[in-house]
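> Sequence isn't available, so here's the structure alone:
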C-alpha cells in the first residue's frame, strides 16, 4: 500500500544552476546532497556505469530531487513535450501575489508565456514560464 508521495525527480544538465534556481528563484531550501555510482545503483536506475550527483530541495512537504548524470553522452537538451501531451508537463508553486512574483522572476531574465491572469470564473490567477532544463513552472495565486 502506498503511504505517501515523496518527491519528483528531475534530470538536470547543470546541478549548481538548478539548485540556485530552485532555492533562490523559487524559495526552496536545500535538504541534502549525495553522489551515486557503482554496480548496484546502475542496476536500480537502469544506466550503465552510472555516475551522478544528486541534490534534494524542499518547500514544506514538497521535495524535488535534482539528478545530474555525469556519464558522457547521456546529457541532451530535453524538449518540453507540450502542455497537451501525456507525461509530466509542469510544476506548480502557490504564491501570495502572482503579479509581484511575475515581476520579480521576469527581472531575473525568465520569460513567461503570458502575464498573470484568471482564466476561468472564480479560478486562480496563474502564469507559466520555463526554468532550467525546459521545466515549465506555474505560479498560482488563490483568488477566492
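Looks like it arrived, so ask away. Not measured: the values here are computed from a predicted model.
> Tell me the secondary structure at the spatially closest residue to residue 94 that is not a sequence neighbour.
Residue nearest to residue 94 in three dimensions, not counting chain neighbours: residue 140, with 5.4 Å by C-beta to C-beta, 6 or more residues apart in numbering. From N, CA and C alone the C-beta is placed, and that goes for glycine too. What DSSP: H, G, I helix; E, B strand; the rest coil gives for residue 140 is strand.
> just checking, residue 140 touches residue 123?
No - Residue 140 is beyond contact range of residue 123, at 10.0 Å (criterion: C-beta atoms under 8 Å).
> okay, these two: which has more neighbours?
residue 140 (18 against 13; other C-beta atoms under 10 Å).
> do you know how far that one is from residue 9?
22 Å (C-beta to C-beta, to the nearest Å).
> What of residue 134?
Residue 134 is 16 Å from residue 9, by C-beta to C-beta.
> show me what contacts the residue nearest to residue 94?
92-95, 98, 124-126 (C-beta atoms under 8 Å, 6 or more residues apart in numbering).
> I'd like those residues written out as a markdown table, with secondary structure, pLDDT and neighbour count added.
Putting the contacts of residue 140 into a markdown table (DSSP: H, G, I helix; E, B strand; the rest coil; pLDDT from 0 to 100; neighbours: other C-beta atoms under 10 Å) gives the following:
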| residue | secondary structure | pLDDT | neighbour count |
| --- | --- | --- | --- |
| 92 | strand | 90 | 14 |
| 93 | strand | 93 | 17 |
| 94 | strand | 93 | 14 |
| 95 | coil | 94 | 22 |
| 98 | helix | 94 | 24 |
| 124 | coil | 92 | 19 |
| 125 | strand | 93 | 18 |
| 126 | strand | 93 | 18 |
